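*Asks:* what's the 3D shape of this:
(6 chains)
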6 protein chains.
Amino acid sequence: MTLADTAEKIAGMEIRGAGRIARAGALALKDHAATVHTKKRDAFVAEMQRAANILLATRPTAVSLPNAVHFVLKDVAGAATVGEARDLISRQADTFVANSEAALDRIAAFGSRHIRDGDTLLTHCNSEAALACILAAHEAGKEIEVFATEVRPRNQGLLTIKTLNGAGITTQYIVDSAARFFMNSIDLVIVGADAITTNGAVVNKIGTAQIALAAHEARTNVMVAAETYKFAPRTLLGELITIEERDTAEVLGDDITRSLPHVRVRNPAFDVTPPAYIDLIVTEKGAIPPGLAYSVIREYLGWSIEEFHKAFE
Amino acid sequence: MTLADTAEKIAGMEIRGAGRIARAGALALKDHAATVHTKKRDAFVAEMQRAANILLATRPTAVSLPNAVHFVLKDVAGAATVGEARDLISRQADTFVANSEAALDRIAAFGSRHIRDGDTLLTHCNSEAALACILAAHEAGKEIEVFATEVRPRNQGLLTIKTLNGAGITTQYIVDSAARFFMNSIDLVIVGADAITTNGAVVNKIGTAQIALAAHEARTNVMVAAETYKFAPRTLLGELITIEERDTAEVLGDDITRSLPHVRVRNPAFDVTPPAYIDLIVTEKGAIPPGLAYSVIREYLGWSIEEFHKAFE
Amino acid sequence: MTLADTAEKIAGMEIRGAGRIARAGALALKDHAATVHTKKRDAFVAEMQRAANILLATRPTAVSLPNAVHFVLKDVAGAATVGEARDLISRQADTFVANSEAALDRIAAFGSRHIRDGDTLLTHCNSEAALACILAAHEAGKEIEVFATEVRPRNQGLLTIKTLNGAGITTQYIVDSAARFFMNSIDLVIVGADAITTNGAVVNKIGTAQIALAAHEARTNVMVAAETYKFAPRTLLGELITIEERDTAEVLGDDITRSLPHVRVRNPAFDVTPPAYIDLIVTEKGAIPPGLAYSVIREYLGWSIEEFHKAFE
Amino acid sequence: MTLADTAEKIAGMEIRGAGRIARAGALALKDHAATVHTKKRDAFVAEMQRAANILLATRPTAVSLPNAVHFVLKDVAGAATVGEARDLISRQADTFVANSEAALDRIAAFGSRHIRDGDTLLTHCNSEAALACILAAHEAGKEIEVFATEVRPRNQGLLTIKTLNGAGITTQYIVDSAARFFMNSIDLVIVGADAITTNGAVVNKIGTAQIALAAHEARTNVMVAAETYKFAPRTLLGELITIEERDTAEVLGDDITRSLPHVRVRNPAFDVTPPAYIDLIVTEKGAIPPGLAYSVIREYLGWSIEEFHKAFE
Amino acid sequence: MTLADTAEKIAGMEIRGAGRIARAGALALKDHAATVHTKKRDAFVAEMQRAANILLATRPTAVSLPNAVHFVLKDVAGAATVGEARDLISRQADTFVANSEAALDRIAAFGSRHIRDGDTLLTHCNSEAALACILAAHEAGKEIEVFATEVRPRNQGLLTIKTLNGAGITTQYIVDSAARFFMNSIDLVIVGADAITTNGAVVNKIGTAQIALAAHEARTNVMVAAETYKFAPRTLLGELITIEERDTAEVLGDDITRSLPHVRVRNPAFDVTPPAYIDLIVTEKGAIPPGLAYSVIREYLGWSIEEFHKAFE
Amino acid sequence: MTLADTAEKIAGMEIRGAGRIARAGALALKDHAATVHTKKRDAFVAEMQRAANILLATRPTAVSLPNAVHFVLKDVAGAATVGEARDLISRQADTFVANSEAALDRIAAFGSRHIRDGDTLLTHCNSEAALACILAAHEAGKEIEVFATEVRPRNQGLLTIKTLNGAGITTQYIVDSAARFFMNSIDLVIVGADAITTNGAVVNKIGTAQIALAAHEARTNVMVAAETYKFAPRTLLGELITIEERDTAEVLGDDITRSLPHVRVRNPAFDVTPPAYIDLIVTEKGAIPPGLAYSVIREYLGWSIEEFHKAFE
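*Replies:* A predicted model of the protein is given here:
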């Protein structure tokens, strides 16, 4: 698959999901590097940077893609020869993919320890990482019970309860509005993340912030399960996360909407949970408080402030 | 219509809605009094009490019905003759019905004054009283805009936006989970009530408490619009409001539920908003803070503590 | 002084201050009643109502004036003859004036008991009632110390520190912004009120709400000292208190303002402190929690809901 | 027993406990009235007032005693003859005693309804009223479990667990400091009261406020069980409840204290829980929010503001 | 200019402002190094340390000065020769000055991204960094409106509104006490900082903490704009920031003060905003949560714990 | 003393206290290294790892022991020869011991600066580090006063007041339940820690969390004094701190417990204070906010995420 193919598939949402996009991007750079035939180091680096820009342009608001691209190319300017640069890119791409694939297991291992025998959990949406923690706790023999929300407008809760049912975990299915009603019986809220900003705010499925607020009100802990590539480096430069508003037909049929001229459907896909309502973020690099998001961006994702400048300004 | 007919229609939910039930009960007692042919005052009173019990048994958890029955019969024991008692019952029933019918207009008049020109409102569910306030403000020429939630699982929000659209009010339609997302742009939350307890807690459509919490977090005022017959006298005697769980098929089709043996659907119809999250309750007797629910029960509904005892113990 | 004179002086702010306005209104009605020469009871009552309306129109947003007018005229419709009605008005006017004049002493007596020996107090603006409590505590031999704010833009704090200095009370004078800085050393915040709404919110000099918030944050109690005629009956009907914006020249000289075309000076005179930040309101009828404002309006001010309707709708 | 005897026993703490003191006072007045042989109504009333003052002087900070004395004597000034006055006093005394004795049962009936099947409760100290609610719920067949604190320094928790054990109620015994540790498993905190102030603050055994705060933090409801004679009328006049500091030897042996010259033992017997942390006060007159303490004082205890003045100033 | 001259000018406040002081200090060390004529490395280092101490003594509570001095001298002990040491000092001084001068632009770039089109902002005092963010957002074409406070006692708000007016930004000018009144219409509070402590507390103009508290109450974000040299390394060693009290004549004329013997004017120049009320600190090294102040001190300012010890103990 | 001896003494709690255990462990490894006579580097390393495991198994939940063991052995795998490895172990052990012994002095120096002249402090339990701060402030001539709690069930408060009395510090001794009662007069709460988790939660003597909550409610700062070896590395991997329940006889005599079959004594030794209630943690490496616990673990304790994996999984 050429870099152009990968770019097209990411842009067309054929490749989707933060993890898959990131890995596809990393491998596309590796493959592309193998096809660049110049012997001039500078030309090679310039060509790879051009390739990176093509990838980055496919989904300008994606969080994992710049993390992947940066990881793969970060030391390439220091390579003496094209061969060395190509090898470096190849190794970094493989490392990124391996880390990314191993991340879920580690998150499951770390996160499941936070679940105690006898706990009642609540999850919102259908996060692979959050479910991995729950399933791992169940597999470790802990007796747990899970409340899962419906997740309007796309009802991803249905996927969640099918997974939990498949694992034989006792599950209660509720509408999103009922989260506070049951919150006093919940021991731990576990959710995933679409992006985490430099100050530890968690961008996740619409409704997450309301549930976290209700958890905070009831002294119930909230744990976020997220791979490090969810940490959004651009926010370090002051950039705000743009909350996408999706197709209104997800909420209300176009026929009805058209018949109501004074009514406008609003469909924000995500909301932002402030760090004060989050007790812990479990990543593949360990469990951290939300206030350390910045450190993750710097340390694990390997960005220096100068690289941010070059990459995004 | 005989008292038995009315009782059957209330029990069978042919007559529904707190206001309609209450008025039907009051009139059924009046009509019944006209058919009781004894000349003995004591026998008459005993018969009326028996009739009252038949009505009360139709919907034991209804809030408005005991308020209506009590109002109609409250001084009957003091009447000297059957004729006097019958007249009293007739007058009280008419008064109750008239008050009840006038209540909505007064609530609309009082509540609409709390809405300022330029305000953005948010309402949840499809409360006649809350909508009356909004419509009255609009008719008074105030420029307002309303956010209305979907109200899972029965989607009563659809009725709300149709009413608002019909009045030409700019309306935004959102899923329940998005309330906190938009809360910082909301100036006032307006909801109705199914029941109000002795300490000012408001029992209303599931999701209300979560919205009130999010409003409190954002320093947005919450106004409840409710007729005085929504104030629940039994709670004065320590009784808890029972939160009904409705048919699970409202949330998830029975086919799917049956296919998921580890999953149980929970469908509580209401939740309880604590008084600390409510700024004002607008009744037809004026606007009061939630902490004065008890006074309303005592003063307007005319219950004395001894009558409570007789009625409910 | 004719009623027209009094009306003019109130309108022209020659007579000002909630207490003085209220007493002037009561006496104006009494004097006016003495000059109405009809023998027909109905004509007399109608004329008094007309007189009342003239007074009420002088300061439509004043809170104490309708309370005074209502108190004086409240039972007049029940009088059998003009003479009886005139006597009633005379007696009620005298009672109102006497109560009003005695109120400050009683508030001082009640409020000063809430001040303990050794307390450090903070007051904002220059409330006669609040100062009366402080002075009474000092005269009772309690060692107290007072922080007084500057109270921009009109610097009423200067009057306050002169009064306190005159009484020999150790006083610290600070800018308004420094209230939170010193809050941890404050034992009790004491302020007055311009109006108190049906749900116990206190309308007072701009800055009060911010100080009450800072007190709440530091677990410092807030006591409001206010005569019962400060309780605003219209708010019972849903009416909002209008916050007057005063002359911008109080904040910034007109020359400068004119030289800055993009700048607009905003000068709200009052703000609204929510009941949750107020521990106690001390009135001449005793100390009550803010949530009982409604009861004061009903019980001491003598308004029934029907009278509200007649008076204000 | 003469009035002097009763007074002596109250002063000497032979008669103790708010209920017993109040009933003894009421009966002492009744008995005393029977022994006053004047035929002059005025002399009789004066003598009874003198008798009342003797009783009130025995325990100046007691809350229930002035409530009892006032209740018994309240309409005596309106009696036409000595005989009528004596009869009134006799009837009022009997009524007070009967109400007081019935109060506990009613509180138990009302309060137990607030306990749900399956609830885990927490109680602090050894309140007769709080325990009555718990025992009534248990007798009604509800499965409950109770956490009881030790209650330093006098370890009244020991009495509590003996009572609960005797009733066969599963009980967990913990040190006072462990209340927050277990709070997330608690469904309802139930405590008694020594006094309740005009703004709904609850004066109770030291440690109550800390537990109520921890309950509030965890969205756990707090219910206070208290007879109406615990409502403190003097606080209406601005008086603060004085918190007694008891013998330091309750906390630390005098020998040790003497050996540590820089150490001073402090032993406050009570603390004050603010109304914001209390959801409901259950009295024999029904369940009310804390903000209505003032109404109880006025309505059930029968005090008018003028009577307060006469009684306490 | 000799080092002595610079020291004198800093001490005499001829050179003022955190940035200017820091840069002057750095350059003074560079210039001084050029004048030290010894060939002995140790003597040179000792002399430079002496020079540093002279500078540090000029304003012992300044925050930026020790950061500058440390940055310039930090690796000098590792230099082999005087020439090497001198070059190092020269390079480090130039780097520090360049960074410092570029910092404002970067802060403006990062901070302005946090301002959205249509936002209403509030700023307090006259912070160069906060204004830079606002101006950059305006220049980027975002429609914004700004509330600016008066900033008693020195009225720096006047400077702020002149700057904003000059840029053509719609501005509302209010007294400090009115911040909470308007807070519900504010989207973002932006302020500068005089110092930031190791745990992320922000020391800034008196009144900032009160505004941040009111913002927190209303779910309005607070952004602090501050160069990294505002982070106070001494606080890492437990040192508290001393809040200077300025000349009382700024608040009240000396004549009046003298005429009021019981009155003392208090004039604290700064207050301390706890990190819980701050959402983000924008520095020239990126946007961080307040909890990472310590990391900034360590990483960007280049202090190791041992160096702290040497420098400050 | 052989490694086996040390292990036995740690297991048998002859050696106890986080600091003593850690130092004993470090020295035991040093001594053991001196006795291993192989010349093969790999065999030596394996043997030391075996020795480490013996030590770690003695108290699996101890926090300081794995920190010590890891510190001593961390770079040993990089040594070329047995001699080099042995030297490294010896040096690292000595460094660890020296740091640990110096830690208390540094903590006292840093923490005492946070205590201001005139402060009233409150401490709970008998923490060496917290007391060191207090004593250092006293020795620095600051006038301070301390409230010390009793600390049920083991009454460690007695030790605390003896120490404070010995130093001549004015001390108030109170039961644990009275902490909130006095909180408004407290300027700073100082406690120690048994363990600190990756997200900054502090595990300390039961009752600490309740006191920190009451401090937070009253805007009183809470400072934790703790050596860096109290930071719990396992929590980084998601592990929860297990709260030990101690012998019930500490709370209630076994005789009484046995006589009460429905009563169960619960005796948790510690509780967990969330980071939001802690303003500062003072370590020997400087004062940090709780959110930086993770950084301490990583930076000062020298753990990399890979080492965590090897050590604990």
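*Asks:* Leaving out the residues flanking it, which one is nearest to A:Ile174?
*Replies:* B:Arg266 (5.1 Å; CB to CB, 6 or more residues apart in numbering or on different chains). To be clear about C-beta, it is placed using only N, CA and C from the backbone, and glycine gets the same treatment.
*Asks:* give me the number of residues near that neighbour?
*Replies:* For B:Arg266, the count of nearby residues is 15 (other CB atoms under 10 Å in any protein chain shown).
*Asks:* Surely it and B:Arg246 touch.
*Replies:* No - taking contacts as CB atoms under 8 Å, B:Arg266 lies outside contact range of B:Arg246: 10.1 Å.
*Asks:* Spit out the residues that contact the two alike.
*Replies:* Residues touching both B:Arg266 and B:Arg246 by CB atoms under 8 Å, 6 or more residues apart in numbering or on different chains: none at all.
*Asks:* Let me see the contact set for the residue nearest to A:Ala226 when sequence neighbours are not counted.
*Replies:* Nearest-residue entry for A:Ala226: A:Ala193, 4.0 Å, with adjacent residues in sequence omitted and distances by CB to CB, 6+ apart. Shown in contact with A:Ala193 (CB under 8 Å, 6+ apart): A:Ser127, A:Val202, A:Val203, A:Asn204, A:Val224, A:Ala225, A:Ala226, A:Lys230, A:Ile281.
*Asks:* So the fourth one lies in a strand, does it not?
*Replies:* Yes - in this structure, A:Asn204 lies within a strand as judged by DSSP: H, G, I helix; E, B strand; the rest coil.
*Asks:* is it true that it touches A:Ala269?
*Replies:* No - applying CB under 8 Å as the test, A:Asn204 and A:Ala269 come out as separate, 9.9 Å apart.
*Asks:* Those two - which one has more neighbours?
*Replies:* Neighbours were tallied for A:Asn204 and for A:Ala269 using other CB under 10 Å; the higher tally belongs to A:Asn204 (28 against 18).
*Asks:* Retrieve the pLDDT associated with that one.
*Replies:* Per-residue pLDDT puts A:Asn204 at 96.
*Asks:* for chain D, what are the nearby residues on the stretch 201-313 of chain A?
*Replies:* Residues of the stretch 201-313 of chain A lying close to chain D by CB under 8 Å from any CB of the partner chain are A:Glu217, A:Ala218, A:Arg219, A:Thr220.
*Asks:* so which of the residues you listed comes closest to F:Gly111?
*Replies:* Comparing those against F:Gly111 with CB to CB picks out A:Arg219 as the nearest, at 29.1 Å.
*Asks:* Contact residues of chain A facing chain F?
*Replies:* Residues of chain A lying near chain F (CB under 8 Å from any CB): A:109-114, A:116, A:276, A:279-280, A:282, A:285-289, A:291-292, A:295.
*Asks:* what about the strands in chain A?
*Replies:* Applying DSSP state E to chain A gives strands spanning A:120-123, A:145-149, A:170-174, A:188-191, A:195-196, A:202-205, A:221-225, A:263-265, A:270-273, A:280-283, A:286-288.
*Asks:* which secondary structure elements does the last one contact?
*Replies:* The reference is to strand A:286-288. Helices and strands touching strand A:286-288, as assessed by 3 or more CB pairs under 8 Å, 6 or more residues apart in numbering or on different chains; DSSP states H and E, comprise helix A:82-113, strand A:280-283.
*Asks:* can you give me the angle the first one makes with strand A:221-225?
*Replies:* Inter-element angle recorded for helix A:82-113 and strand A:221-225: 150 degrees (by axes from the mean of the first three to the mean of the last three CA atoms, to 10 degrees).
*Asks:* Show me chain A divided up by domain.
*Replies:* With domains defined by automatic domain parsing, chain A comprises A:3-105, A:113-311.
*Asks:* just how off-centre is the first one within its chain?
*Replies:* Translated: domain A:3-105. The chain centre lies 18 Å from the centre of domain A:3-105; the measure is CA atoms, centre = their mean, to the nearest Å.
*Asks:* Quick check: which of the helices and strands packed on strand A:286-288 is buried the most?
*Replies:* Comparing these by mean neighbour count (mean count of other CB atoms under 10 Å in any protein chain shown), strand A:280-283 ranks first with a mean of 28.
*Asks:* For E:Val82, see how far away the residue nearest to A:Arg41 when sequence neighbours are not counted is.
*Replies:* Spatial nearest neighbour of A:Arg41, excluding adjacent residues (CB to CB, 6+ apart): A:Val82 at 5.5 Å. To E:Val82, A:Val82 is 45 Å away according to CB to CB, to the nearest Å.
*Asks:* Also A:Glu47?
*Replies:* To E:Val82, A:Glu47 is 48 Å away according to CB to CB.
*Asks:* and what of A:Ala24?
*Replies:* Plainly put, A:Ala24 is 57 Å away from E:Val82 if you go by CB to CB.
*Asks:* Same check on A:Phe147?
*Replies:* Counting by CB to CB, the separation of A:Phe147 from E:Val82 is 72 Å.
*Asks:* Same check on A:Ile107?
*Replies:* Taking CB to CB, one finds A:Ile107 at 55 Å from E:Val82.
*Asks:* pLDDT weak spots in the stretch 151-300 of chain A?
*Replies:* A:300 (pLDDT under 70).
*Asks:* Chain E contacts on that one?
*Replies:* Counting by CB under 8 Å from any CB, the stretch 151-300 of chain A sits next to chain E at A:198-200, A:235-240, A:274-276, A:291-295.
*Asks:* Report the contact partners of the residue nearest to A:Thr163 when sequence neighbours are not counted.
*Replies:* Nearest non-adjacent residue to A:Thr163, counting by CB to CB, 6+ apart: A:Leu131, 5.8 Å away. By CB under 8 Å, 6+ apart, the contact list for A:Leu131 reads A:Thr123, A:Thr160, A:Thr163, A:Leu164.
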